[in-house]
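>>> structure for the following, please:
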Amino acid sequence: MPGYDHKALCRHAFTGDQGLKLIFSEIRQCLPKTSLAKASQATYFPFQRNFDFVGQQNVLQVLLDNFSRHPMDREAALYGLGGIGKSQIAVEYAYSLLERYPKTLIFWVFGGSKERFEQDYLGIARRLQLPGFNAPNVDVFALVKTALEKRSNWAMIIDNADDPTILWGTSKANYSETSIQNDSNDSGGLSKYIPRGPNGFILYTTRTKDDALRLTGEGQVIKVSEMDEEDLKSLLRSKLKNETFSDNDLARLITTLDRLPLAIVQAASFIRHKSWSITQYLANFEAEGSVWSSGPLSHDFRDKTRDYAGRNPVFRTWMITMKQLEELEPKAADLLRLMSFYNRQDIPHDLLLGPDSIPIGYQEEKANKNYYLAMSISTLLSYSFLTVSEGPRGQRYTLHRLVQKFIQYRLEDLGIADKYAAKALDFLVSAFPLEQYESWEISGELLPHVQTMVEYKMTSNLPAGKFGILLTAASAYSRIKGQLQRADTYITLALAALRTNLGNDDPITIDALCEQGHCFQDLKQYEQAEKIFCSAIDSYSRVFGSQHVKVYETKIFLSGILRIEKRYPEAESEARIALGGLENFDGEEAERVRLRGKSSLSKVLGDIRRYDDAFQIQRNLDISLTNKYGPEHPRVLNNLHDLAVTLMMIGQPTELDEARHISQRVMDLCEKMYGPDHHQTANVVYNHGLVLMKQGYFEDADAYFKRALHFFKTQGGEICPPEALKCISYLGVNSESQGHYVEALKHYESGYRILLSSFGVTHERTQLAQREIARIQGLIHHDPNSSRRQHNTVAKPAEQADSYYVAGANMLSNGECYGWIRSQRRVAVAKEPDDPYAFAYPPYQSQKRARPDTIKSSSDASVSGDRIESKRKRI
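Here you go, the predicted model:
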């Protein structure tokens, strides 16, 4: 156009561009409304055009191309979940077809009932003025079919073609492959009156892929998938008219309604009528109780672009579908009910197999249950109720969010919700494994479904015994994975259910009690844990007698608590009593408990400085555990960690080298098994830092202490945990050992502030920290250049400066102490050398060392078999 700057025009890269869609929408509204009517006077079409239609351009383009390019392939079908937008695509297709081919005759037929089908055919006959259409005994179906097969340039849309009894006069159960191409088999249905041939085009909309294939004779079928978020936002804005909402609010609403267009349009209508905000709508939608009885999806609305008979569209659509599924595919309907009580996402295939003893649906044919399960899954996929994905152990299924809510509502309405929830619980109990490393992956997949079952249990009457068994196993797994608060919640609920249902002295209840003891131990509530284990010992003794494997195992648990509480004589006594009693038992369980008991005893011996005895036990355990479980197993890992600590405490150069290699291997295994953000990994990282510091690798040790400190502070909540204080103290020790006094002072002051807020100024530990701060300030005063000291500074020899202090820590003997810094010349000795429970940790001495370029691979780390002298010279 002369004088017009074409460069200023908006450019759009493709037909699906969002800006281009908006421009088209505005242009359409400016077009004369009579143009299409004049071009198609004989068209029988009951809907106005939806000028707010967005998205699905690829589907429309395929349909439009098929009309003109495939004269021998004149049928297509859209299928997908009810409410996904099939009918709206069909309406837009009809108007787009008229724009492209104005002389085309287009007819709309509702296929959901025989009466509406006949009514629409009669309307077509009236519009075409077919001879005899108003005669009393005329067969209007045959009349329209014959007339259209003789005409050309027409299209028919058969909407909601879902009911096989209407279309074929038979159920899917009686359907055979031969009926696909043989209309004579469908003599009882209306499908034989659908016009065929190359003169027209037929588009079906249906909910299942099976129906789509059957209607088109294995022809072209197109699954209608969910729209992208930007298209859905445009749809919402168009329906909310002048209302103003943020993009974030629109995105939340779209996500909550699981991107279902019909639900989104209905929600927009509700919001406008009630003058609500999106936040109000979502709060009401997600409230406890039935989503339909009080929720916004029960809202009626009218839409000129939709079928006039529609009321509560989402509800109505799925109610019809569910009744059809219950009638035609009862096994698939049962499976759908069962799945609605799990977390809707990533339901493992194995979970749906269930125990053999439960005759639900497909399990009635136990010998072929895999086959019947596969058939039921196929049906639900065909209805688009499910989507499938591949997981690490096979297929996993996801249920549409609103479908899940609808199924639960229907079961509550029928009064059978608890029945199917109980069956879902049975399936979950049979699938959830016990506390076994080999089953961690399975437990991780099932844990979200356990949580969903817990939420349902709060408002239902699930069997208390099975519920308690499930939660005990789930608590053990959560505890192992470091989810301590969740584990505590699960075991509390489990014990309440088991005590009510089974009583206090049932072995299952006592097992759960021991699990609660482990939770208290990991939560550092040691006094509570001790009481729990003592109570469990009494209960097991009443049930099994005092000499039983369960009694001895619980004594070993108690020994671990006593060791943490530094009651070493009692801890050693309990462990030795248990090991002595276990000598009278054989079998897998007794051997497992015996190995656990030896590990517990070795830790006690290490704490009381009997390193030779501890090392011998741990070395033998390494061989036994590796042979039993393999080299990569949590119990092997825990024993190696204990072994590394023992070698570190021996403190000789050879043992320290070996401790470093073993500690590195343990750290790698911990990160692999538990992940980097786990308390077990953090403890290993902390101890690895100790080994490096003892060997003089100060810079590396500093990095590991800081990493462990970050975890402990992050996971400790408002109260700084004891482990964090240890890391802070050793960061100060590490800095002081290098002569970096200013940096050491910062760490000591950080620890002091924590102690001051936790214990007050008069507490012994707080006052000790004050003295350490004063001491380090004195060092800074005598060495003003310490703030500029580089990291390669070598510590002064003790004989050159009487006032020079190096770091020595008593932290390992007092797990909660801070700042026990000793003089290099001060030697600690046992007050009573003959008392095996008296402690004397040597002061730490080390010279700064450069980290070797290559360190022995952790996988090559080995445990020395040489005898260690029981008496070693202490420096």
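
>>> what residue ranges in the stretch 201-350 of the chain are flagged as low confidence?
For the stretch 201-350 of the chain, the stretches with pLDDT under 70 are 242, 285-317.

>>> any idea which helix or strand carries the nearest residue to Leu621 once chain neighbours are set aside?
Spatial nearest neighbour of Leu621, excluding adjacent residues (C-beta to C-beta, 6 or more residues apart in numbering): Asn639 at 4.8 Å. To be clear about C-beta, it is placed using only N, CA and C from the backbone, and glycine gets the same treatment. Asn639 is part of helix 634-650, with elements assigned from DSSP states H and E.

>>> which is the succeeding secondary structure element to that helix?
helix 653-673.

>>> remind me what that next one packs against, helices and strands.
Applying 3 or more C-beta pairs under 8 Å, 6 or more residues apart in numbering; DSSP states H and E, we find helix 653-673 packed against helix 634-650, helix 679-694.

>>> and the residue sitting nearest the centre point of the chain, how far from Asn343?
The chain has Pro448 as the residue nearest its centroid, 5.7 Å off, counting by C-alpha atoms, centre = their mean. Applying C-beta to C-beta, to the nearest Å, the value for Pro448 to Asn343 is 4 Å.

>>> my read is Leu232 is in a helix, agree?
Yes: secondary structure of Leu232 (DSSP: H, G, I helix; E, B strand; the rest coil): part of a helix.

>>> before we move on, the earlier item: would you format the helices and strands packed on helix 653-673 as a markdown table with mean neighbour count and mean pLDDT included?
Below are the helices and strands packed on helix 653-673 laid out as a markdown table (neighbours: other C-beta atoms under 10 Å; pLDDT from 0 to 100):
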| stretch | mean neighbour count | mean pLDDT |
| --- | --- | --- |
| helix 634-650 | 23 | 91 |
| helix 679-694 | 23 | 89 |
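
>>> right, and the ones you listed - which one's nearest Ala263?
Ala263 sits nearest to helix 679-694 of all these, at 43.0 Å, using C-beta to C-beta.

>>> rewinding a little: let me have the helices and strands packed on helix 653-673 in CSV, extended by distance to Tyr397.
Formatted as CSV, the helices and strands packed on helix 653-673 follow (distance: least, C-beta to C-beta, whole Å):
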stretch, distance to Tyr397
helix 634-650, 31
helix 679-694, 33
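
>>> next helix or strand past the helix or strand harbouring Ile491?
Counting by DSSP H and E, the element that carries Ile491 is helix 484-501. Remark: after helix 484-501, the chain's next helix or strand is helix 507-522, criterion DSSP H and E.

>>> packing partners of that following helix?
Using 3+ C-beta pairs under 8 Å, 6+ apart: helix 507-522 touches helix 464-480, helix 484-501, helix 526-544, helix 549-564.

>>> burial count for Pro261?
24 (other C-beta atoms under 10 Å).

>>> residues near the residue lying closest to it once chain neighbours are set aside, how many?
In space, and not counting its chain neighbours, Pro261 is closest to Gly85: 4.5 Å by C-beta to C-beta, 6+ apart. A count of nearby residues for Gly85, using other C-beta under 10 Å, gives 26.

>>> Gly85 touches Met227, doesn't it?
Yes: with contacts counted by C-beta atoms under 8 Å, Gly85 reaches Met227, the gap being 7.2 Å.

>>> show me where the stretch 51-200 of the chain has its strands.
Per DSSP state E, counting those that start in this stretch, the stretch 51-200 of the chain carries strands over the ranges 75-79, 105-110, 154-159, 200-206.

>>> any chance of these in CSV, with distance to Val221 too?
Output for the strands of the stretch 51-200 of the chain, formatted as CSV (distance: least, C-beta to C-beta, whole Å):
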stretch, distance to Val221
strand 75-79, 5
strand 105-110, 19
strand 154-159, 14
strand 200-206, 9
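
>>> nearest to Tyr629 among those strands would be which one?
Among the strands of the stretch 51-200 of the chain, strand 75-79 comes nearest to Tyr629, with 50.9 Å by C-beta to C-beta.

>>> what strands line up against the closest one, and which way round?
strand 200-206 (parallel), strand 220-223 (parallel) (DSSP bridges).

>>> quick one, the first one and strand 154-159 angle?
So that's strand 200-206. 10 degrees (axes from the mean of the first three to the mean of the last three C-alpha atoms, to 10 degrees).

>>> neighbouring contacts of strand 200-206?
With contact meaning C-beta atoms under 8 Å, 6 or more residues apart in numbering, strand 200-206 is reached by 63, 66-67, 74-79, 86-87, 89-90, 93, 111, 148-149, 151-162, 194-195, 211-212, 215-216.

>>> using PDB, list the CA coordinates for it.
Coordinates of each C-alpha in strand 200-206 appear next as PDB, following Å, rounded to 0.1, in the frame of the first residue of the first chain:
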ATOM      1  CA  GLY A 200     -19.200 -35.800   2.700                       C
ATOM      2  CA  PHE A 201     -17.100 -35.700   5.800                       C
ATOM      3  CA  ILE A 202     -18.000 -36.900   9.300                       C
ATOM      4  CA  LEU A 203     -16.400 -35.700  12.600                       C
ATOM      5  CA  TYR A 204     -17.200 -37.600  15.800                       C
ATOM      6  CA  THR A 205     -16.400 -36.500  19.400                       C
ATOM      7  CA  THR A 206     -16.200 -39.200  22.000                       C
END
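
>>> now Gln618, nearest residue through space, not along the chain?
Leu643 (4.3 Å).

>>> so the one you found sits right up against Gln616, yeah?
No: contact between Leu643 and Gln616 fails when scored by C-beta under 8 Å: they sit 10.7 Å apart.

>>> now do the contacts for the residue nearest to Pro261.
Contacts of Gly85 (C-beta under 8 Å, 6+ apart): 55-56, 224, 227, 261-262.

>>> ok, back up a step: intersection of neighbour lists for Gly85 and Met227?
Counting by C-beta under 8 Å, 6+ apart, the residues touching both Gly85 and Met227 are 55-56, 261.

>>> export those to CSV and tack on distance to Phe759?
Listed next are the shared contacts of Gly85 and Met227 as CSV, based on distance: C-beta to C-beta, whole Å:
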residue, distance to Phe759
Gly55, 63
Gln56, 67
Pro261, 61
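
>>> please narrow those to those residing in helices.
Pro261 (DSSP state H).

>>> relative to Thr379, which of the shared contacts of Gly85 and Met227 is nearest.
Nearest to Thr379, judged by C-beta to C-beta, of those is Pro261 at 23.9 Å.

>>> against Asp210, how distant is that closest one?
Taken as C-beta to C-beta, the span from Pro261 to Asp210 is 23 Å.

>>> what does Leu240 give?
Distance of Leu240 to Asp210, computed by C-beta to C-beta: 37 Å.

>>> and what of Ser269?
Counting by C-beta to C-beta - Ser269 and Asp210 are separated by 33 Å.

>>> and if you look at Tyr101?
Taken as C-beta to C-beta, the span from Tyr101 to Asp210 is 32 Å.

>>> please say which of the two ends up with more neighbours.
More neighbours surround Asp210 than the other of Tyr101 and Asp210, with 20 against 17 (other C-beta under 10 Å).

>>> my read: that one touches Ser382, true?
Yes: Asp210 is within contact range of Ser382, at 4.9 Å (criterion: C-beta under 8 Å).

>>> on that earlier part again, pull out the buried residues from the contacts of Gly85.
Buried members of the contacts of Gly85, scored by 16 or more other C-beta atoms under 10 Å, are 55-56, 224, 227, 261-262.
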